[in-house]
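>>> Curious how this folds, go ahead:
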Amino acid sequence: MDKDNQESYIRLTEEEKALLEEHRRKRKRWIVRGIIIVFVLLIALAIYLFAVNKGTSGQINEFDKAVKDKDYDKLTEIVKSGQKDISTTDAKHFVDYINRPENKNRYNEEIKKMKKALGDKDKHDSEVGEITDKNGHTIIDVTRNGNKFLVLNDLAFEPNFYDVYIKEGNNNASYEFENNGKRRKIVSNSNSQTELGQFFVGDYEVETTKNFKDKPLDGSVDGQLHINTDNIAKGNKIFAEEKIPQAWFKVKIKNNEVLDKGFKLNVDDNEIDYDKKEVYGKYPADVPITISAKGSGNNETLETEKVEVKANKNGKPQTIELAFKDSDINRQKKMNKEIEKDAKKFMEDYTKKLNTGYKVSDFSALQYYFEDKNSDVAKHIKKQVESKKKSEFKKPEIKSYNRDDTNVKLTLSKKDKKNRVITSEYELIYNYKEKEFKIKDYTDI
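Numbering: from 1, shown residues only. Here you go, the predicted model:
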(Lines give C-alpha, C1' and ligand atoms only; values in the text may rest on other atoms or scores of the structure.)
Protein backbone atom coordinates (compact mmCIF):
# COMPACT_ATOMS: atom_id res chain seq x y z
CA MET A 1 0.00 0.00 0.00
CA ASP A 2 1.43 3.43 -0.97
CA LYS A 3 1.80 6.24 1.54
CA ASP A 4 -1.30 8.25 0.40
CA ASN A 5 -3.64 5.33 0.64
CA GLN A 6 -2.27 4.45 4.06
CA GLU A 7 -2.97 7.96 5.42
CA SER A 8 -6.47 7.88 3.94
CA TYR A 9 -7.14 4.60 5.68
CA ILE A 10 -5.87 5.92 8.97
CA ARG A 11 -7.99 9.11 8.61
CA LEU A 12 -11.22 7.21 7.83
CA THR A 13 -10.67 5.00 10.78
CA GLU A 14 -10.41 7.99 13.09
CA GLU A 15 -13.69 9.38 11.69
CA GLU A 16 -15.43 6.11 12.16
CA LYS A 17 -14.15 6.01 15.68
CA ALA A 18 -15.52 9.47 16.33
CA LEU A 19 -18.89 8.52 14.87
CA LEU A 20 -18.97 5.38 16.95
CA GLU A 21 -18.13 7.35 20.06
CA GLU A 22 -20.86 9.88 19.30
CA HIS A 23 -23.37 7.06 18.81
CA ARG A 24 -22.36 5.64 22.15
CA ARG A 25 -22.85 8.96 23.89
CA LYS A 26 -26.33 9.46 22.36
CA ARG A 27 -27.47 6.01 23.37
CA LYS A 28 -26.25 6.60 26.89
CA ARG A 29 -28.21 9.84 27.05
CA TRP A 30 -31.42 8.07 25.90
CA ILE A 31 -30.91 5.37 28.46
CA VAL A 32 -30.50 7.97 31.19
CA ARG A 33 -33.55 9.85 29.95
CA GLY A 34 -35.56 6.64 29.89
CA ILE A 35 -34.52 5.82 33.43
CA ILE A 36 -35.46 9.34 34.51
CA ILE A 37 -38.85 9.08 32.76
CA VAL A 38 -39.61 5.72 34.37
CA PHE A 39 -38.55 7.08 37.75
CA VAL A 40 -40.74 10.14 37.29
CA LEU A 41 -43.70 7.96 36.25
CA LEU A 42 -43.24 5.76 39.29
CA ILE A 43 -43.16 8.83 41.52
CA ALA A 44 -46.24 10.22 39.72
CA LEU A 45 -48.06 6.91 40.12
CA ALA A 46 -47.22 6.80 43.80
CA ILE A 47 -48.41 10.38 44.19
CA TYR A 48 -51.58 9.54 42.24
CA LEU A 49 -52.36 6.48 44.31
CA PHE A 50 -51.72 8.45 47.48
CA ALA A 51 -53.93 11.22 46.17
CA VAL A 52 -56.66 8.74 45.29
CA ASN A 53 -56.57 7.26 48.77
CA LYS A 54 -56.41 10.69 50.29
CA GLY A 55 -59.25 11.88 48.04
CA THR A 56 -61.59 9.02 48.97
CA SER A 57 -60.73 9.35 52.63
CA GLY A 58 -61.34 13.04 52.21
CA GLN A 59 -64.81 12.29 50.94
CA ILE A 60 -65.55 10.25 54.05
CA ASN A 61 -64.28 13.15 56.15
CA GLU A 62 -66.36 15.58 54.13
CA PHE A 63 -69.47 13.47 54.66
CA ASP A 64 -68.75 13.07 58.38
CA LYS A 65 -68.13 16.80 58.75
CA ALA A 66 -71.45 17.62 57.05
CA VAL A 67 -73.22 15.29 59.49
CA LYS A 68 -71.56 16.79 62.55
CA ASP A 69 -72.00 20.37 61.30
CA LYS A 70 -75.63 19.68 60.38
CA ASP A 71 -74.92 20.94 56.89
CA TYR A 72 -78.07 19.63 55.23
CA ASP A 73 -77.41 21.26 51.86
CA LYS A 74 -73.96 19.63 51.69
CA LEU A 75 -75.44 16.24 52.54
CA THR A 76 -77.93 16.51 49.68
CA GLU A 77 -74.96 17.08 47.34
CA ILE A 78 -73.08 14.05 48.69
CA VAL A 79 -75.89 11.52 49.24
CA LYS A 80 -77.35 10.75 45.83
CA SER A 81 -78.41 7.89 43.63
CA GLY A 82 -79.20 7.55 40.00
CA GLN A 83 -82.89 7.17 40.78
CA LYS A 84 -83.72 9.03 43.97
CA ASP A 85 -81.93 11.72 45.94
CA ILE A 86 -82.60 13.01 49.43
CA SER A 87 -84.06 16.39 50.24
CA THR A 88 -82.79 18.80 52.87
CA THR A 89 -85.68 17.62 55.07
CA ASP A 90 -84.49 14.01 54.63
CA ALA A 91 -80.96 15.13 55.49
CA LYS A 92 -82.21 16.72 58.71
CA HIS A 93 -84.11 13.56 59.68
CA PHE A 94 -80.93 11.54 59.03
CA VAL A 95 -78.73 13.83 61.14
CA ASP A 96 -81.26 13.86 63.97
CA TYR A 97 -81.36 10.07 63.86
CA ILE A 98 -77.57 9.63 63.83
CA ASN A 99 -77.09 12.06 66.72
CA ARG A 100 -79.24 10.04 69.07
CA PRO A 101 -77.16 8.51 71.88
CA GLU A 102 -78.14 4.96 70.91
CA ASN A 103 -77.03 5.55 67.29
CA LYS A 104 -73.96 7.78 67.56
CA ASN A 105 -71.44 5.10 68.60
CA ARG A 106 -72.55 2.76 65.84
CA TYR A 107 -72.22 5.55 63.27
CA ASN A 108 -68.71 6.50 64.44
CA GLU A 109 -67.57 2.88 64.25
CA GLU A 110 -68.93 2.57 60.72
CA ILE A 111 -67.04 5.71 59.66
CA LYS A 112 -63.81 4.24 61.11
CA LYS A 113 -64.33 0.96 59.28
CA MET A 114 -64.76 2.76 55.96
CA LYS A 115 -61.58 4.76 56.45
CA LYS A 116 -59.71 1.57 57.31
CA ALA A 117 -61.10 -0.16 54.24
CA LEU A 118 -59.87 2.68 52.03
CA GLY A 119 -56.40 2.43 53.60
CA ASP A 120 -56.14 -1.31 52.95
CA LYS A 121 -53.92 -1.61 49.82
CA ASP A 122 -54.86 -5.26 49.33
CA LYS A 123 -58.56 -4.54 49.27
CA HIS A 124 -60.02 -3.53 45.92
CA ASP A 125 -63.75 -4.29 46.42
CA SER A 126 -66.23 -1.75 45.15
CA GLU A 127 -68.02 -1.94 48.52
CA VAL A 128 -66.45 0.44 51.00
CA GLY A 129 -68.99 0.34 53.82
CA GLU A 130 -72.44 1.37 54.99
CA ILE A 131 -74.35 3.45 57.49
CA THR A 132 -77.01 1.34 59.23
CA ASP A 133 -79.95 1.81 61.55
CA LYS A 134 -80.49 0.02 64.86
CA ASN A 135 -82.20 -2.90 63.10
CA GLY A 136 -79.29 -3.47 60.72
CA HIS A 137 -81.06 -1.92 57.75
CA THR A 138 -78.68 -0.03 55.43
CA ILE A 139 -79.42 3.68 55.37
CA ILE A 140 -76.55 4.67 53.03
CA ASP A 141 -74.33 2.44 50.87
CA VAL A 142 -70.79 3.74 50.25
CA THR A 143 -69.09 2.31 47.17
CA ARG A 144 -66.15 3.05 44.86
CA ASN A 145 -67.30 4.85 41.78
CA GLY A 146 -64.20 4.11 39.56
CA ASN A 147 -61.25 6.31 38.53
CA LYS A 148 -62.31 7.30 35.04
CA PHE A 149 -60.35 10.11 33.46
CA LEU A 150 -58.16 10.35 36.54
CA VAL A 151 -61.06 11.67 38.61
CA LEU A 152 -60.02 11.33 42.23
CA ASN A 153 -63.46 11.96 43.74
CA ASP A 154 -64.63 8.37 43.25
CA LEU A 155 -66.94 7.42 46.15
CA ALA A 156 -70.71 7.12 45.81
CA PHE A 157 -73.07 7.62 48.79
CA GLU A 158 -76.34 5.99 47.82
CA PRO A 159 -79.45 6.40 50.03
CA ASN A 160 -81.87 3.59 50.80
CA PHE A 161 -85.50 4.31 51.56
CA TYR A 162 -88.16 2.54 53.64
CA ASP A 163 -91.58 1.40 52.44
CA VAL A 164 -94.16 2.84 54.84
CA TYR A 165 -97.78 1.68 55.14
CA ILE A 166 -100.99 2.89 56.75
CA LYS A 167 -103.63 0.72 58.47
CA GLU A 168 -107.06 2.00 57.56
CA GLY A 169 -110.08 1.74 59.81
CA ASN A 170 -113.64 0.88 58.86
CA ASN A 171 -113.79 3.65 56.28
CA ASN A 172 -112.40 4.73 52.92
CA ALA A 173 -110.08 7.73 52.99
CA SER A 174 -107.27 9.52 51.19
CA TYR A 175 -104.11 11.23 52.44
CA GLU A 176 -102.46 14.27 50.92
CA PHE A 177 -98.88 15.05 52.00
CA GLU A 178 -95.45 16.08 50.74
CA ASN A 179 -92.65 13.53 50.46
CA ASN A 180 -89.19 14.15 48.99
CA GLY A 181 -90.27 17.49 47.64
CA LYS A 182 -93.35 16.15 45.85
CA ARG A 183 -97.03 16.45 46.75
CA ARG A 184 -98.75 13.07 46.87
CA LYS A 185 -102.31 11.79 47.28
CA ILE A 186 -102.82 8.20 48.44
CA VAL A 187 -106.23 6.49 48.46
CA SER A 188 -106.71 3.98 51.30
CA ASN A 189 -109.55 1.47 51.29
CA SER A 190 -111.38 0.39 54.44
CA ASN A 191 -109.82 -2.30 56.64
CA SER A 192 -106.71 -2.50 54.46
CA GLN A 193 -102.96 -1.90 54.57
CA THR A 194 -102.00 0.73 52.01
CA GLU A 195 -98.48 1.76 51.01
CA LEU A 196 -97.94 5.49 51.50
CA GLY A 197 -94.61 5.52 49.66
CA GLN A 198 -90.88 5.47 50.41
CA PHE A 199 -89.50 7.57 53.23
CA PHE A 200 -85.99 8.23 54.53
CA VAL A 201 -84.73 7.16 57.93
CA GLY A 202 -85.83 8.86 61.13
CA ASP A 203 -88.52 9.51 63.69
CA TYR A 204 -90.61 12.44 62.52
CA GLU A 205 -94.01 13.81 61.50
CA VAL A 206 -95.29 14.51 58.00
CA GLU A 207 -98.04 17.09 57.67
CA THR A 208 -101.12 15.62 56.01
CA THR A 209 -104.75 16.23 55.15
CA LYS A 210 -107.02 13.23 55.54
CA ASN A 211 -110.19 13.14 53.47
CA PHE A 212 -113.01 10.91 54.76
CA LYS A 213 -115.18 9.43 52.02
CA ASP A 214 -117.99 7.51 53.71
CA LYS A 215 -121.18 8.20 55.59
CA PRO A 216 -122.24 8.69 58.31
CA LEU A 217 -119.42 11.24 58.49
CA ASP A 218 -117.32 12.64 55.69
CA GLY A 219 -115.11 15.68 55.20
CA SER A 220 -111.44 16.42 55.76
CA VAL A 221 -109.17 17.19 58.68
CA ASP A 222 -105.53 18.23 59.03
CA GLY A 223 -102.96 16.37 61.09
CA GLN A 224 -99.68 14.47 60.93
CA LEU A 225 -98.41 11.05 59.98
CA HIS A 226 -95.84 9.93 62.54
CA ILE A 227 -93.10 7.85 60.92
CA ASN A 228 -90.53 5.91 62.94
CA THR A 229 -88.41 3.68 60.72
CA ASP A 230 -87.12 1.76 63.76
CA ASN A 231 -90.60 0.42 64.54
CA ILE A 232 -90.92 -2.74 62.47
CA ALA A 233 -94.25 -4.53 62.80
CA LYS A 234 -95.26 -8.07 62.01
CA GLY A 235 -94.36 -8.98 58.45
CA ASN A 236 -91.34 -6.63 58.55
CA LYS A 237 -93.54 -3.67 57.68
CA ILE A 238 -93.32 -0.11 58.94
CA PHE A 239 -96.66 1.58 59.64
CA ALA A 240 -97.26 5.29 59.98
CA GLU A 241 -99.14 6.34 63.09
CA GLU A 242 -101.93 8.81 62.51
CA LYS A 243 -101.79 11.94 64.62
CA ILE A 244 -105.05 13.19 63.24
CA PRO A 245 -108.08 14.34 65.26
CA GLN A 246 -110.35 11.39 64.57
CA ALA A 247 -112.43 8.93 66.51
CA TRP A 248 -112.99 5.21 66.26
CA PHE A 249 -114.82 3.18 68.84
CA LYS A 250 -116.85 0.20 69.90
CA VAL A 251 -120.29 0.73 71.42
CA LYS A 252 -121.65 -1.09 74.46
CA ILE A 253 -125.38 -0.69 75.00
CA LYS A 254 -126.53 -1.11 78.57
CA ASN A 255 -129.92 -1.50 80.24
CA ASN A 256 -131.34 -3.02 77.07
CA GLU A 257 -132.15 -6.61 78.09
CA VAL A 258 -135.93 -6.29 77.77
CA LEU A 259 -135.86 -4.54 74.40
CA ASP A 260 -136.19 -6.10 70.98
CA LYS A 261 -133.15 -6.98 68.92
CA GLY A 262 -131.97 -4.77 66.07
CA PHE A 263 -130.56 -1.60 67.62
CA LYS A 264 -129.54 1.48 65.64
CA LEU A 265 -126.86 4.08 66.27
CA ASN A 266 -127.16 7.79 65.59
CA VAL A 267 -123.77 9.29 64.75
CA ASP A 268 -124.23 13.04 64.41
CA ASP A 269 -127.87 12.31 63.47
CA ASN A 270 -126.86 9.77 60.80
CA GLU A 271 -128.45 6.38 61.47
CA ILE A 272 -126.45 3.15 61.07
CA ASP A 273 -126.90 -0.47 62.16
CA TYR A 274 -125.48 -1.57 65.50
CA ASP A 275 -123.11 -4.50 65.99
CA LYS A 276 -121.46 -4.94 69.38
CA LYS A 277 -118.34 -6.45 67.76
CA GLU A 278 -117.82 -3.72 65.19
CA VAL A 279 -115.30 -0.88 65.43
CA TYR A 280 -116.94 2.27 64.08
CA GLY A 281 -114.84 4.84 62.28
CA LYS A 282 -112.40 6.32 61.86
CA TYR A 283 -114.38 9.56 61.73
CA PRO A 284 -113.12 13.16 61.62
CA ALA A 285 -113.22 14.47 65.17
CA ASP A 286 -111.71 17.94 65.09
CA VAL A 287 -114.98 18.74 66.88
CA PRO A 288 -116.72 16.20 69.18
CA ILE A 289 -119.10 13.66 67.66
CA THR A 290 -122.51 13.01 69.26
CA ILE A 291 -123.69 9.39 69.51
CA SER A 292 -126.86 7.77 70.77
CA ALA A 293 -128.61 4.43 70.37
CA LYS A 294 -132.17 3.59 69.40
CA GLY A 295 -134.12 0.53 70.37
CA SER A 296 -137.70 -0.63 70.40
CA GLY A 297 -139.99 -2.52 72.70
CA ASN A 298 -143.72 -3.13 72.73
CA ASN A 299 -144.17 -1.14 69.54
CA GLU A 300 -142.39 1.85 71.10
CA THR A 301 -139.10 3.51 70.02
CA LEU A 302 -136.66 4.38 72.78
CA GLU A 303 -133.43 6.37 72.62
CA THR A 304 -130.49 6.68 74.96
CA GLU A 305 -129.04 9.99 76.00
CA LYS A 306 -126.52 11.48 73.56
CA VAL A 307 -122.84 11.09 74.38
CA GLU A 308 -120.05 13.28 73.03
CA VAL A 309 -117.07 11.41 71.60
CA LYS A 310 -113.76 13.23 71.27
CA ALA A 311 -110.71 12.31 69.20
CA ASN A 312 -108.83 9.19 70.32
CA LYS A 313 -105.72 9.80 72.41
CA ASN A 314 -103.97 6.54 71.52
CA GLY A 315 -104.01 3.88 68.83
CA LYS A 316 -106.77 1.80 70.41
CA PRO A 317 -110.51 2.12 69.80
CA GLN A 318 -112.55 3.76 72.52
CA THR A 319 -115.43 1.95 74.20
CA ILE A 320 -118.54 4.10 74.33
CA GLU A 321 -121.29 3.10 76.77
CA LEU A 322 -124.86 4.05 75.95
CA ALA A 323 -127.63 3.25 78.44
CA PHE A 324 -131.40 3.46 78.15
CA LYS A 325 -133.25 5.31 80.89
CA ASP A 326 -134.37 3.29 83.90
CA SER A 327 -137.85 4.83 83.67
CA ASP A 328 -138.24 3.64 80.06
CA ILE A 329 -136.99 0.15 80.86
CA ASN A 330 -139.19 -0.18 83.94
CA ARG A 331 -142.21 0.77 81.84
CA GLN A 332 -141.22 -1.90 79.29
CA LYS A 333 -140.88 -4.53 82.02
CA LYS A 334 -144.37 -3.70 83.31
CA MET A 335 -145.82 -3.98 79.82
CA ASN A 336 -144.02 -7.31 79.28
CA LYS A 337 -145.58 -8.77 82.43
CA GLU A 338 -149.02 -7.60 81.36
CA ILE A 339 -148.60 -9.13 77.90
CA GLU A 340 -147.34 -12.40 79.39
CA LYS A 341 -150.33 -12.44 81.74
CA ASP A 342 -152.64 -11.82 78.80
CA ALA A 343 -150.97 -14.66 76.88
CA LYS A 344 -151.69 -17.05 79.75
CA LYS A 345 -155.33 -15.90 79.89
CA PHE A 346 -155.59 -16.29 76.11
CA MET A 347 -154.39 -19.90 76.28
CA GLU A 348 -156.80 -20.66 79.17
CA ASP A 349 -159.69 -19.19 77.18
CA TYR A 350 -158.64 -21.11 74.09
CA THR A 351 -158.49 -24.37 76.04
CA LYS A 352 -162.05 -23.78 77.32
CA LYS A 353 -163.30 -23.03 73.82
CA LEU A 354 -161.46 -26.11 72.55
CA ASN A 355 -163.27 -28.28 75.12
CA THR A 356 -166.61 -26.73 74.08
CA GLY A 357 -165.74 -27.32 70.43
CA TYR A 358 -165.15 -31.01 71.09
CA LYS A 359 -168.46 -31.29 72.98
CA VAL A 360 -170.54 -29.83 70.17
CA SER A 361 -168.22 -30.89 67.31
CA ASP A 362 -168.18 -27.31 66.08
CA PHE A 363 -165.16 -25.26 65.06
CA SER A 364 -166.92 -21.98 64.38
CA ALA A 365 -166.22 -20.42 67.79
CA LEU A 366 -162.56 -21.50 67.62
CA GLN A 367 -161.77 -19.97 64.24
CA TYR A 368 -161.30 -16.51 65.77
CA TYR A 369 -158.36 -17.75 67.84
CA PHE A 370 -156.27 -18.37 64.69
CA GLU A 371 -154.30 -15.83 62.65
CA ASP A 372 -155.64 -17.51 59.51
CA LYS A 373 -158.70 -19.73 59.81
CA ASN A 374 -157.71 -21.39 56.53
CA SER A 375 -154.15 -22.22 57.58
CA ASP A 376 -152.97 -25.82 57.93
CA VAL A 377 -152.93 -25.63 61.70
CA ALA A 378 -156.50 -24.24 61.83
CA LYS A 379 -157.72 -26.92 59.41
CA HIS A 380 -156.07 -29.59 61.55
CA ILE A 381 -157.85 -28.44 64.73
CA LYS A 382 -161.14 -28.13 62.83
CA LYS A 383 -160.78 -31.70 61.63
CA GLN A 384 -160.07 -32.94 65.16
CA VAL A 385 -162.99 -31.02 66.67
CA GLU A 386 -165.50 -32.06 64.03
CA SER A 387 -164.43 -35.74 64.20
CA LYS A 388 -166.93 -36.20 67.07
CA LYS A 389 -164.12 -37.04 69.50
CA LYS A 390 -165.05 -36.24 73.07
CA SER A 391 -161.66 -34.91 74.16
CA GLU A 392 -161.41 -32.69 77.19
CA PHE A 393 -158.42 -30.85 78.66
CA LYS A 394 -157.84 -29.28 82.05
CA LYS A 395 -155.23 -27.41 84.04
CA PRO A 396 -153.49 -25.61 81.16
CA GLU A 397 -150.13 -24.31 82.38
CA ILE A 398 -147.45 -22.29 80.56
CA LYS A 399 -144.06 -23.96 81.05
CA SER A 400 -142.00 -21.58 78.94
CA TYR A 401 -142.61 -18.21 77.39
CA ASN A 402 -140.52 -16.17 74.99
CA ARG A 403 -141.49 -13.08 73.05
CA ASP A 404 -139.65 -11.17 70.34
CA ASP A 405 -141.69 -8.10 69.54
CA THR A 406 -145.01 -9.43 68.10
CA ASN A 407 -143.91 -13.08 67.95
CA VAL A 408 -144.58 -15.27 71.01
CA LYS A 409 -143.38 -18.82 71.48
CA LEU A 410 -144.64 -20.76 74.46
CA THR A 411 -144.87 -24.31 75.77
CA LEU A 412 -148.20 -25.35 77.24
CA SER A 413 -148.95 -28.47 79.30
CA LYS A 414 -152.46 -29.75 79.96
CA LYS A 415 -154.13 -32.97 81.13
CA ASP A 416 -156.66 -35.04 79.25
CA LYS A 417 -159.57 -37.01 80.76
CA LYS A 418 -157.18 -39.82 81.74
CA ASN A 419 -154.87 -37.37 83.51
CA ARG A 420 -152.18 -37.86 80.90
CA VAL A 421 -149.99 -34.78 80.44
CA ILE A 422 -149.96 -33.41 76.90
CA THR A 423 -147.30 -30.85 76.07
CA SER A 424 -147.65 -28.59 73.07
CA GLU A 425 -145.71 -25.74 71.51
CA TYR A 426 -147.58 -22.71 70.27
CA GLU A 427 -146.50 -19.76 68.18
CA LEU A 428 -148.66 -16.71 68.72
CA ILE A 429 -148.86 -13.32 67.05
CA TYR A 430 -149.55 -10.32 69.26
CA ASN A 431 -151.37 -7.26 67.98
CA TYR A 432 -150.33 -4.17 69.95
CA LYS A 433 -153.17 -2.05 68.66
CA GLU A 434 -155.92 -4.53 69.51
CA LYS A 435 -153.99 -5.99 72.43
CA GLU A 436 -154.89 -9.51 71.44
CA PHE A 437 -153.25 -12.79 70.40
CA LYS A 438 -153.80 -15.14 67.47
CA ILE A 439 -152.45 -18.67 66.96
CA LYS A 440 -149.99 -18.92 64.07
CA ASP A 441 -148.70 -22.44 64.59
CA TYR A 442 -149.08 -25.42 66.93
CA THR A 443 -147.55 -28.85 67.44
CA ASP A 444 -147.65 -31.51 70.15
CA ILE A 445 -144.29 -32.62 71.56
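
>>> For Ser413, name its beta-bridge partners.
Beta-bridge partners recorded for Ser413 (DSSP bridges): Glu397, Thr423.

>>> Run through the helices of the stretch 1-150 of the chain in chain order.
3-68, 72-78, 88-98, 101-119 (DSSP state H, counting those that start in this stretch).

>>> lowest-confidence stretch among those helices?
Note on these: lowest mean pLDDT is at helix 3-68, with a mean of 63.

>>> Contacts only, for the most centrally placed residue in the chain.
Nearest to the geometric centre of the chain sits Lys167, at 1.4 Å (Cα atoms, centre = their mean). Listed by Cβ atoms under 8 Å, 6 or more residues apart in numbering, the contact partners of Lys167 are 192-193, 239. For the C-beta atoms, the positions are set from N, CA and C on the backbone; glycine is no exception.

>>> In this structure, where is pLDDT below threshold?
1-56, 120-125, 146-153 (pLDDT under 70).

>>> one more time with 80
Low-confidence segments of the chain (pLDDT under 80): 1-57, 82-83, 119-126, 145-154, 181.

>>> Kindly state the beta-bridge partners for the closest residue to Lys261 other than its chain neighbours.
Excluding its sequence neighbours, the residue lying closest to Lys261 (Cβ to Cβ, 6 or more residues apart in numbering) is Asp404, at 6.9 Å. Beta-bridge pairing for Asp404 (DSSP bridges): Asn407.

>>> rewinding a little: just the closest of the contacts of Lys167 to Ser387, please.
Ser192 (66.5 Å; Cβ to Cβ).

>>> Just give the number of residues close to that closest one.
12 (other Cβ atoms under 10 Å).

>>> How about the one 3 residues further on?
Applying the criterion other Cβ under 10 Å, we find 12 residues in the vicinity of Glu195.

>>> Got the phi and psi for the residue nearest to the centre of the chain?
Main-chain torsions, Lys167, degrees, to the nearest 10: phi -100, psi 120.

>>> For it, give its distance to Val201.
Note on Lys167: its distance to Val201, by Cβ to Cβ, to the nearest Å, is 21 Å.

>>> what does Ile320 give?
For Ile320, the distance to Val201 equals 39 Å [Cβ to Cβ].

>>> Which of the two has more residues huddled nearby?
Using other Cβ under 10 Å as the criterion, Ile320 and Val201 rank with Val201 on top: 28 against 19.

>>> Three-state assignment for the more buried one, please.
What DSSP: H, G, I helix; E, B strand; the rest coil gives for Val201 is coil.

>>> now swap in the one 5 residues further on and tell me
Secondary structure for Val206, judged by three-state DSSP, is strand.

>>> Identify the residue spatially nearest to it, adjacent ones excluded.
Excluding its sequence neighbours, the residue lying closest to Val206 (Cβ to Cβ, 6+ apart) is Leu225, at 4.6 Å.

>>> try Glu321
Lys252 (5.0 Å).

>>> Would you agree the one you found is in contact with Pro317?
No: checked against Cβ atoms under 8 Å, the pair Lys252 and Pro317 is beyond contact range at 11.7 Å.

>>> So which of the two has more stuff around it?
Pro317 (18 against 13).

>>> Tell me which residues touch the more buried one, please.
Here Pro317 is in contact with 248-250, 279, 281 (Cβ under 8 Å, 6+ apart).

>>> Count the residues that sit near Asp444.
7.

>>> cool, Glu371 as well?
There are 16 residues near Glu371, going by other Cβ under 10 Å.

>>> Same check on the one 3 residues further on?
Around Asn374 sit 9 other residues, with neighbours defined as other Cβ under 10 Å.

>>> next one: Lys234
6.

>>> ok, now Tyr432?
By other Cβ under 10 Å, 13 other residues sit near Tyr432.

>>> Surely it touches Thr406?
Yes: using Cβ under 8 Å, Tyr432 is in contact with Thr406, at 7.1 Å.

>>> list residues touching both of those two?
Asn299.

>>> Surely Tyr358 is within a helix?
Yes: assignment of Tyr358 by three-state DSSP places it within a helix.

>>> What residues does Tyr358 make contact with?
Tyr358 neighbours (Cβ under 8 Å, 6+ apart): 384-385, 389-392.

>>> again, but for Pro101
Neighbours of Pro101 in contact, by Cβ under 8 Å, 6+ apart: none.

>>> ok, now the one 3 residues further on?
The contact partners of Lys104, taken as Cβ under 8 Å, 6+ apart, are Ile98.

>>> Next, find the distance separating it from Val67.
10 Å.
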